[in-house]
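Sequence unavailable; structure follows:
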């Protein structure tokens, strides 16, 4: 069983910064992609940032230049540094891992439970 646990959410004023962390636990050899998604009230879940295990990154247009995704493959962890936060960034942020391989297991998708980020104006 592979689990993802997020931390680092909270309340911040517009223009401020937060750093989200996500750690994967379980019997893991490699995780291909580690991503951050978010879901605001009344909206669909959307992709925020992706990082492959080789370091390739992709960002949603709405966060380019403000958010930075990073990984520590040795710790099976992914981070999201968020700067110049805007009220529109308010959402539950979810960590996601794609193609998680263990010694005898494979998980195509694993999700964390989410962490709330609230940006006040």
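Ah, there it is. Keep in mind that what you see is a predicted model, and the values were worked out from it rather than measured.

Buried residues of the lowest-mean-pLDDT helix or strand in the chain, list them for me.
Every helix and strand of the chain was ranked by mean pLDDT, DSSP states H and E. The lowest is strand 106-111, at a mean of 93. For strand 106-111, the neighbour count (16 or more other C-beta atoms under 10 Å) marks 107, 110 as buried. Backbone N, C-alpha and C define where each C-beta goes, glycine included.

Following that strand in sequence, what is the next regular element?
strand 115-120 (DSSP states H and E).

orientation of the helix or strand containing residue 35 relative to strand 115-120 in degrees?
Using DSSP H and E, residue 35 sits in strand 30-39. On the basis of axes from the mean of the first three to the mean of the last three C-alpha atoms, to 10 degrees, strand 30-39 is oriented at 40 degrees to strand 115-120.

so strand 30-39 versus strand 106-111, what angle?
30 degrees.

Packing partners of strand 30-39?
strand 18-25, strand 46-52, strand 77-82, strand 91-101 (3 or more C-beta pairs under 8 Å, 6 or more residues apart in numbering; DSSP states H and E).

Just checking: what are the partner strands of the last one?
In its sheet, strand 91-101 lies beside strand 30-39 (antiparallel), strand 106-111 (antiparallel), strand 115-120 (antiparallel), with partners assigned from DSSP bridges.

Would you point to the one among those that's packed deepest?
Comparing the strands paired with strand 91-101 by mean neighbour count (mean count of other C-beta atoms under 10 Å), strand 30-39 comes out on top with a mean of 20.

Of all the residues in stretch 68-82, which ones are buried?
Per 16+ other C-beta under 10 Å, stretch 68-82 contains these buried residues: 68, 69, 71, 76, 77, 78, 79, 80, 82.

which residue of this structure sits farthest from its center?
Distance from the centre of the chain peaks at residue 104, with 25.7 Å (C-alpha atoms, centre = their mean).

quick one: contacts for the closest residue to it other than its chain neighbours?
Take residue 104 and drop its neighbours on the chain: the residue closest to it by C-beta to C-beta, 6 or more residues apart in numbering is residue 27, 7.9 Å away. Residue 27 makes contact with 2, 102, 103, 104, 105, according to C-beta atoms under 8 Å, 6 or more residues apart in numbering.
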